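In: have a look at this prediction, sequence included:
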Amino acid sequence: MSENNDFAGQSSVMINDMYQSWFLDYASYVILERAVPAVEDGLKPVQRRILHAMKEMDDGRFNKVANIIGQSMQYHPHGDASIGDAIVSLGQKDLLIETQGNWGDVRTGDSAAAARYIEARLSKFALEVAFNAKTTEWQLSYDGRKNEPVTLPMKFPLLLAQGTEGIAVGLSTKILPHNFCELIEGAIKHLKGRKFELYPDFMTGGMVDVSNYNDGARGGKVRVRARIEEVDKKTLIIKDVPYGITTTQLVDSILKANDNGKIRIKSVIDNTAKDVELAIQLTPGVSTDQTIDALYAFTDCEISISPNACIIIADKPHFVGASDLLKHSVDHTKKLLLRELEIKLGELDEDWHYSSLEKIFIEKRIYRDIEEETTWEGVLRAIDDGLKPYKKKLRRAVTQEDIVRLTEIRIKRISKYDTFKADEHIKGVEAEIEEVKNNIANLNDYSIRYYENLLKKYGKGRERKTEIRPFETIHATTVAIANTKLYVNYKEGFIGTGLKKDEFAFDCSDLDNIIVFRKDGKMLVSKVADKNFVGKDIIHLAIFQKNDERTTYNMLYMDGKTGITYGKRFNVTGITRDKEYDLTKGNANSKVQYFSVNPNGEAEVLVITLHPGSKARVKQLDYYFEELEIKGRAAQGNQATKYPVKSVRFKEKGRSTLSAPKLWYDATIGRLNKDSNGQLLGRFDEKDKIIVFFKDGTYEITDHELTNRYDIDHVLIIEKFDPKKVISAIYYDAKSKQFNAKRFMIESTTLKSKYSFIKEGEGNYLKLVTTQQEPVVILRTGKKKSELTEEKAALHEMVDITGWKTIGTAIGGDELKEISLIPEADDETGEPDAPTLF
């Protein structure tokens, strides 16, 4: 029995050891040979073998992808499917491989045609930057029959240009693609010792917020958005897709959000052909601005991508940043360029040496010295003796191989030898040697010229496709539409969307939080649910708005211990969900005697009637909430009366004790805010509006909802609308070939409708618009810019106020070259206004 146990123990140890060893071997294989690219050339093994196979097949013509797969299988010990997928992926990135046929579409998710129907060849760019047999390190293929490169001599930051993604055992890698031109410009800056920044650029276009990119290292994040345009108040167009998302996935996510009640649309139609176009028809009455926000919040129109740059350095995985990858690539490229120069220098030296030997051999007729020799050794010795007087002129010793090569010169070459051409050739070689030596001595400058040449030859058409811009934070609860109904049982203390037999409260979103106040002075906030118990005797419930500093709660309550009535005014800005808060002094039997909700801090007047049996001489008194300060919810309040209260009734509505809220416009994201970001527009009451002037010569009146979106590429002026303000504008009339000035007041004020205030016509454009009441401009005229004359013009004196549709007054023709506005002091700050021209 003991022998069996010993044997079992030995087997267990052996299996454990084998498992540990084999698992580590497998993990290392997957990491090094399949999933993670090498830092030297930025390629995974399958990609490297494909490119090597294509180089072997390269004759300048296209090859069937099926043939390329077969050639690659000589080096790659896996099936044809994985090789085919890798070829298609390389081809779709449009950098190393030129394609022919249907290669699919990364935007729509359409797959490529079968390998027998599509063709490929190496691009000129690939042939220039990725191959050089003389600088390549070779190894045997998996079956030992052929040689394959350990890494390709890549002289370009391919890994950053193409991006990559891979999942190995215990780790993964995700490197985002970057812009071709920006990578080369960054490489040049690095060689010049200057700082550079790298940000992702996607073939699918769109917009990207890189504020948390973290140089592409672990822990970073980018937000990527599709571009959504408003066609009219009923139609939105999506013009591109986020990186890694297809149009099919995007449509599915939009339909799912609609089915779940997060957005309200009639239909979404995929019109994608050459360009991406998804048309979204909205249901009547739905705001386009809120729908755009909801599309970003609830669909794949916005995605978040977390980069994780893991690469193989010296057979080990390392986590690095994008800047480090570019620096490593540049340093590696410099070494390869140096190696190429050294090889070329050696070849030139050999060329000079042999050309000089040949010249001496022929001109000095040394070949005649071998006529009498009868043995091979004698021939070699005779040539060597003949060269002895001239060896001092050579740059290295004469070897037997050199002499043997001289014996191979044909009589025809000797008879037609041209000394002049030989001298010219040697001089040319000497010039090349000096040039190569100079490049080696100034390797940094040589490397810069190399990158500049790449940019010049291949940079055209590879400009940035993804716009870099900061994104506003969209809170899902803010943009979610009311997609469900909330019901309440005030007496029993239940709220929920499933209590349809109870009293209807209001419409809400399933993402909302509900704030509840009870008769006993308790408060809590709970998430919308099918059925939820929040405590008996509910006196008020509403959708909770976090950080709302304007909604003010006015309350009278009786302290259960002393019987004293207290009054308090408070805000509720932040809470812990489902935690019960006591708004009284916390004593048992306390109860609320009056409660009101005031969106703008209104302070009403109450009539408090005391109990007839109280000792107070005056049994009825007016109570003014405006005399109380607005404090936190935990404040006990001020004593209203120490006598028992019989009743409390509303007497009259009070005024708001809060000033109108300030609004700012953040030009970086095109949104309004209350957080002091950007340009202060002023204080806004409920009826106030905003006016926006655009570069195309139109204006628009909007409300001041924070959900409004303004196109930052087209906005010229945005400010609080004052109907008494006079607008001054100068525009060019192409038909009349003159500049017209006009002054007008806003007449059409329909919300969110654009009105053109310049004459319509091809070639007409807005030159200047301002809301200054006494604008003065400088007009510079002349035939040549070097001979311009200056003239000041007070528009308020020379142009009458007319209707917004009038043509205006001519102030100059084509000789008017420049128009600039003299800033005036701002009414609030005393600082000059920014010029409002472009």
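Out: That came through, no problem.
In: quick one: low-confidence ranges for the stretch 101-250 of the chain?
Out: Across the stretch 101-250 of the chain, the ranges flagged by pLDDT under 70 are 168-170.
In: residue ranges with poor pLDDT in this structure?
Out: In the predicted model of the chain, residues 1-35, 168-170, 825-838 satisfy pLDDT under 70.
In: spatially central residue in it, please.
Out: Val208 (1.5 Å; C-alpha atoms, centre = their mean).
In: need the contact list for that one.
Out: With contact taken as C-beta atoms under 8 Å, 6 or more residues apart in numbering, Val208 is in contact with Tyr199, Pro200, Phe202, Val222, Arg223, Val224, Arg225, Thr466, Glu467, Ile468, Arg469. C-beta here means a position set from N, CA and C on the backbone, and glycine is covered the same way.
In: 10 Å - rerun?
Out: Contact criterion C-beta atoms under 10 Å, 6 or more residues apart in numbering gives 176, 199-202, 222-225, 242-243, 305, 466-469, 471 as the residues in contact with Val208.
In: partner strands of the helix or strand hosting it, parallel or antiparallel?
Out: Under the criterion DSSP states H and E, the helix or strand holding Val208 is strand 207-209. Sheet pairing of strand 207-209 (DSSP bridges) gives strand 222-225 (antiparallel), strand 467-468 (parallel).
In: pick the most deeply packed of those strands.
Out: Most buried of those, by mean neighbour count (mean count of other C-beta atoms under 10 Å): strand 222-225, with a mean of 22.
In: list the buried residues for stretch 469-480?
Out: Along stretch 469-480, the positions that meet the burial threshold by neighbour count (16 or more other C-beta atoms under 10 Å) are Phe471, Glu472, Ile474, Thr478, Val479, Ala480.
In: same question, stretch 237-250
Out: Ile238, Asp240, Val241, Pro242, Tyr243, Ile245, Thr246, Thr247, Gln249, Leu250.
In: which one is Ser355 nearest to, not counting chain neighbours?
Out: With C-beta to C-beta, 6 or more residues apart in numbering as the measure, Ile426 is the residue that lies nearest to Ser355, at 5.2 Å, once sequence neighbours are left out.
In: pull the number of nearby residues for that neighbour.
Out: In terms of burial, Ile426 registers 16 neighbours under the definition other C-beta atoms under 10 Å.
In: who does the helix or strand where it lies touch, helix- and strand-wise?
Out: Secondary structure from DSSP H and E places Ile426 in helix 419-441. Of the remaining helices and strands, those touching helix 419-441 by 3 or more C-beta pairs under 10 Å, 6 or more residues apart in numbering; DSSP states H and E are helix 322-363, helix 443-458.
In: want to try CSV for the ones you listed, with mean neighbour count and distance to Asn740 as columns?
Out: Putting the helices and strands packed on helix 419-441 into CSV (neighbours: other C-beta atoms under 10 Å; distance: least, C-beta to C-beta, whole Å) gives the following:
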stretch, mean neighbour count, distance to Asn740
helix 322-363, 18, 51
helix 443-458, 16, 44
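In: counting neighbours, what do you get for Lys785?
Out: Other residues near Lys785 number 9, with proximity taken as other C-beta under 10 Å.
In: that one is in contact with Leu816, isn't it?
Out: No - using C-beta atoms under 10 Å, Lys785 makes no contact with Leu816, being 12.0 Å away.
In: what is the neighbour count of Ala634?
Out: Close neighbours of Ala634, defined as other C-beta under 10 Å, add up to 11.
In: residue contacts, it?
Out: Each residue near Ala634 by C-beta under 10 Å, 6+ apart is listed here: Lys568, Phe570, Tyr581, Asp582, Leu583, Gly586.
In: quick one: it and Tyr581, what's the gap?
Out: When C-beta to C-beta, to the nearest Å is applied, the distance between Ala634 and Tyr581 equals 8 Å.
In: repeat for Gln100
Out: Taking C-beta to C-beta as the criterion, Gln100 is separated from Tyr581 by 70 Å.
In: likewise Gly104?
Out: Looking at Gly104 against Tyr581, where the rule is C-beta to C-beta, the gap reads 58 Å.
In: thinking again about what came up before, and the helices and strands packed on helix 419-441: which comes nearest Leu95?
Out: helix 443-458 (9.1 Å; C-beta to C-beta).
In: how far away from the center of its chain is the closest one?
Out: Here helix 443-458 is found 28 Å from its chain centre; the criterion is C-alpha atoms, centre = their mean, to the nearest Å.
In: stretch 540-555 too?
Out: For stretch 540-555, the distance to the chain centre is 37 Å (C-alpha atoms, centre = their mean).
In: likewise for stretch 319-337?
Out: Remark: stretch 319-337 is offset 23 Å from the chain centroid, using C-alpha atoms, centre = their mean.
In: quick one: contacts for Asp215?
Out: Contacts here follow C-beta under 10 Å, 6+ apart; on that basis Asp215 touches Glu197, Leu198, Tyr199, Pro307, Ala309, Val320, Gly321, Ala322, Ser323, Asp324, Leu325.
In: for the stretch 151-300 of the chain, what spans make up the helices?
Out: With DSSP state H, counting those that start in this stretch, the ranges of helices along the stretch 151-300 of the chain come out as 158-162, 180-191, 247-259, 288-298.
In: with the stretch 401-550 of the chain instead?
Out: Taking DSSP H, counting those that start in this stretch as the criterion, the stretch 401-550 of the chain carries its helices at 411-415, 419-441, 443-458, 476-479.
In: Leu127: which of these is closest?
Out: Closest approach to Leu127 among the helices of the stretch 401-550 of the chain (C-beta to C-beta): helix 443-458, 11.6 Å.
In: and the contacts of that closest one?
Out: With contacts defined as C-beta under 10 Å, 6+ apart, helix 443-458 is touched by 95, 123-125, 128-129, 155-156, 180-181, 183-193, 330-331, 333-338, 340-341, 436, 438-440, 442, 459, 462.
In: show the buried residues in those residues.
Out: With neighbours counted by 16+ other C-beta under 10 Å, the contacts of helix 443-458 contain buried members at 95, 123, 125, 128-129, 155-156, 180-181, 183-191, 330, 333-334, 336-338, 340-341, 436, 439, 462.
In: is it true that Val129 touches Leu51?
Out: No - taking C-beta under 10 Å as the contact criterion, Val129 and Leu51 are not neighbours in contact, 11.1 Å apart.
In: shared neighbours, the two?
Out: When contacts are counted by C-beta under 10 Å, 6+ apart, the set common to Val129 and Leu51 consists of Asp41, Leu96, Leu152, Met154.
In: re earlier: chain center to the strand holding Val208, what's the gap?
Out: On the basis of C-alpha atoms, centre = their mean, the separation between the geometric centre of strand 207-209 and that of its chain is 2 Å.
In: residue contacts, the residue of the chain lying at maximal distance from its centre?
Out: Of all residues in the chain, the one whose C-alpha sits farthest from the chain's mean C-alpha position, using C-alpha atoms, centre = their mean, is Glu372 at 82.2 Å. Residues touching Glu372, when contacts are defined by C-beta under 10 Å, 6+ apart, comprise Gly378, Val379, Ala382.
In: tabulate those (TSV), appending distance to Ala113.
Out: Conversion of the contacts of Glu372 to TSV gives the following (distance: C-beta to C-beta, whole Å):
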residue	distance to Ala113
Gly378	70
Val379	65
Ala382	69
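In: now intersect the residues you listed with the helices, please.
Out: Among these, the members falling in helices are Gly378, Val379, Ala382 (criterion: DSSP state H).
In: list buried residues within those residues.
Out: Applying 16+ other C-beta under 10 Å to the ones in helices among the contacts of Glu372, the neighbour count classes Val379, Ala382 as buried.
In: Lys274: which of the ones in helices among the contacts of Glu372 is nearest?
Out: Using C-beta to C-beta, Val379 comes nearest to Lys274 of the ones in helices among the contacts of Glu372, at 72.8 Å.
In: which residues touch the closest one?
Out: Tyr367, Asp369, Ile370, Glu371, Glu372, Glu373, Ile403, Val404, Leu406, Thr407.
In: Ile474 against Thr299, yeah?
Out: No - if you go by C-beta under 10 Å, Ile474 and Thr299 don't touch, sitting 11.7 Å apart.
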